[in-house]
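In: I'll drop the sequence and a predicted model, then ask my questions.
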Amino acid sequence: MDVATVRQYCGTTAAALAGGTAISLLLPQQAARFEAATWPLIALLMFTMCARIHWRDVQVADDGRRFLRTMALMQAVTLPLLVALLLLPLPPNPTLQLSLLLVLLAPSTYWVVTFTHLGRGSVHQASLATPVLLAGQLVLVPAWLLAMAPATVPAAFALDRVVVVLAALVLAPMALAMILDRLSDAFPALRSLNRSAPRLSTPLGVALIFLLSATHGREWIGHGTLLAWPLLGFGVFLLLTPALGWIAGRAARLSPVATRTLIFSLTARNALVALPFALLLPEPALAAAAILIGAAMEFAALALYAHLVPQWIPDTQASAPSKSG
């Protein structure tokens with residue numbers, strides 16, 4: 001994805017959001033049909049996102065282990081502590097609080113590679129980190145949720161529904177992508193499918209935004225000033241993550257390329273993976289609005305940082321980006 005494609009994506013997404021909201025206002029009786037179509041679309045989108053992960057390429061060179069250790073520590077400990085602080089000023093609304101937690105605690109496995117490339121980081125290291133991040137968030141995000149909101153989580157989530165969503169919309173698409181990746185060497189048709197499936201992620205994401213706005217757009221208008229809180233929480237997070245990445249890169253003595261990669265890894269969040277769980281919350285319209293606000297702000301921040309970070313952290317030598325830190 002290049003800069004022109006990013007701009008086109010922004011325009012298409014805005015059109016999908018406006019069109020879906022207009023339909024929600026004009027045809028509110030169709031909301032149930034749009035909602036029913038949302039769930040299989042999420043599963044298909046999750047598969048296309050997992051298909052771009054290099055499941056077999058998990059070997060890490062010795063000179064890149066320092067980068068992965070630093071990234072894991074920041075994702076698992078430092079950022080959750082930051083998120084806990086950001087939670088303090090929020091109003092006592094379980095849906096709002098848990099929506100922000102779901103997004104901010106989950107590192108990206110999709111946009112991080114794209115914007116690492118645009119921001120002159122190491123696509124190789126970002127790709128290697130993707131399966132590590134995905135596996136880690138399946139374990140650590142529930143643990144941090146229970147630690148930060150121990151009374152809210154059991155009341156907001158029905159365990160049986162969470163298990164169904166996790167199995168059908170996350171684990172099943174992930175397992176299918178892994179199986180197809182393993183079999184792609186033996187079957188050329190599967191190899192072609194693996195290469196083409198990730199290209200569908202962007203149009204499927206736009207379609208999902210349209211369905212969400214067509215389902216909940218009418219209700220979003222009624223939430224009013226409550227939606228200002230996600231703007232504040234996500235805004236502070238996105239402003240602080242580059243500084244945290246720079247400090248961690250200096251402390252770990254990472255190369256400029258690895259430091260830039262770390263910054264994009266910390267800034268990019270996995271809003272689309274968090275979405276199906278957020279829709280299980282007591283106020284799904286508010287949860288969907290918070291998720292979309294976070295995703296839009298994240299995308300805008302990443303596009304800006306792709307331009308600014310290489311100027312802020314230039315290469316010490318005039319050489320091509322390395323593959324590790």
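Out: Yep, that arrived.

In: switch to C-alpha atoms for all contacts and neighbour counts from now on
Out: Will do.

In: For S127, pull up the helix or strand it's in.
Out: helix 123-148 (DSSP states H and E).

In: now swap in R195 and tell me
Out: In this structure, R195 is located in helix 188-196 according to DSSP H and E.

In: one step back: helices or strands next to the helix holding S127 in the packing?
Out: Judged by 3 or more C-alpha pairs under 8 Å, 6 or more residues apart in numbering; DSSP states H and E, helix 123-148 is in contact with helix 94-104, helix 111-118, helix 256-267.

In: Including distance to V273 and mean neighbour count, could the ones you listed go into JSON lines?
Out: As requested, the helices and strands packed on helix 123-148 are arranged in JSON lines below (distance: least, C-alpha to C-alpha, whole Å; neighbours: other C-alpha atoms under 10 Å):
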{"stretch": "helix 94-104", "distance to V273": "8", "mean neighbour count": "24"}
{"stretch": "helix 111-118", "distance to V273": "12", "mean neighbour count": "24"}
{"stretch": "helix 256-267", "distance to V273": "16", "mean neighbour count": "28"}
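
In: Just send the ones you listed back as a markdown table, with distance to M297 too.
Out: Output for these, formatted as a markdown table (distance: least, C-alpha to C-alpha, whole Å):
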| stretch | distance to M297 |
| --- | --- |
| helix 94-104 | 12 |
| helix 111-118 | 13 |
| helix 256-267 | 11 |
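
In: Dump those to TSV, plus mean pLDDT.
Out: Putting the helices and strands packed on helix 123-148 into TSV (pLDDT from 0 to 100) gives the following:
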stretch	mean pLDDT
helix 94-104	91
helix 111-118	89
helix 256-267	95
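
In: For the helix ranked longest in the chain, what does the pLDDT average out to?
Out: In the chain, ranked by residue count with DSSP state H as the criterion, the top helix is helix 284-312. In this model, helix 284-312 has an average pLDDT of 92.

In: the inter-axis angle of that helix versus helix 111-118?
Out: In this structure, helix 284-312 runs at an angle of 20 degrees to helix 111-118, with axes from the mean of the first three to the mean of the last three C-alpha atoms, to 10 degrees as the basis.

In: before we move on, the earlier item: okay, the angle between whatever helix or strand comes next after the helix holding R195 and helix 284-312?
Out: As assigned by DSSP H and E, the chain's next helix or strand after helix 188-196 is helix 201-223. Between helix 201-223 and helix 284-312, the angle comes out at 120 degrees (the same axes, to 10 degrees).

In: For L280, which of the helices and strands packed on helix 123-148 is the nearest?
Out: If you check each of the helices and strands packed on helix 123-148 against L280 by C-alpha to C-alpha, helix 94-104 wins as the nearest, at 9.5 Å.

In: Pull the residues that contact that closest one.
Out: Under the criterion C-alpha atoms under 8 Å, 6 or more residues apart in numbering, residues 83, 87, 90-91, 141, 145, 149, 152-153, 156, 230, 233-234, 269-271, 274, 278, 281-284, 286-287, 290-291, 294 lie in contact with helix 94-104.

In: what angle do it and helix 123-148 make?
Out: Using the same axes, to 10 degrees, helix 94-104 lies at 150 degrees relative to helix 123-148.

In: got the CA coordinates for helix 94-104 in PDB?
Out: Extracted in PDB, the C-alpha atoms of helix 94-104 (Å, rounded to 0.1, in the frame of the first residue of the first chain):
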ATOM      1  CA  PRO A  94     -18.800  -0.400  31.400                       C
ATOM      2  CA  THR A  95     -19.200  -0.500  27.600                       C
ATOM      3  CA  LEU A  96     -17.100   2.600  27.100                       C
ATOM      4  CA  GLN A  97     -14.400   1.400  29.400                       C
ATOM      5  CA  LEU A  98     -14.200  -2.100  28.000                       C
ATOM      6  CA  SER A  99     -14.300  -0.900  24.400                       C
ATOM      7  CA  LEU A 100     -11.200   1.200  24.900                       C
ATOM      8  CA  LEU A 101      -9.500  -1.600  26.800                       C
ATOM      9  CA  LEU A 102     -10.200  -4.100  24.100                       C
ATOM     10  CA  VAL A 103      -8.700  -1.900  21.400                       C
ATOM     11  CA  LEU A 104      -5.700  -0.400  23.300                       C
END
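
In: ok, back up a step: other SSEs contacting the helix holding R195?
Out: Using 3+ C-alpha pairs under 8 Å, 6+ apart, the elements in contact with helix 188-196 are helix 172-183.

In: Run through who's touching the helix it packs on.
Out: So helix 172-183 is contacted by 43-44, 46-47, 50-51, 55-56, 190-191, 194 (C-alpha under 8 Å, 6+ apart).

In: Among these, name the buried ones.
Out: Neighbour-count burial within those applies to 43-44, 46-47, 50-51, 55, 190-191, 194; the criterion is 16 or more other C-alpha atoms under 10 Å.

In: For those residues, give me TSV that also has pLDDT.
Out: Formatted as TSV, these follow (pLDDT from 0 to 100):
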residue	pLDDT
A43	91
L44	92
M46	88
F47	89
C50	83
A51	81
W55	65
L190	78
R191	75
N194	74
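
In: what angle separates the longest helix of the chain from helix 256-267?
Out: Using the same axes, to 10 degrees, helix 284-312 lies at 170 degrees relative to helix 256-267.
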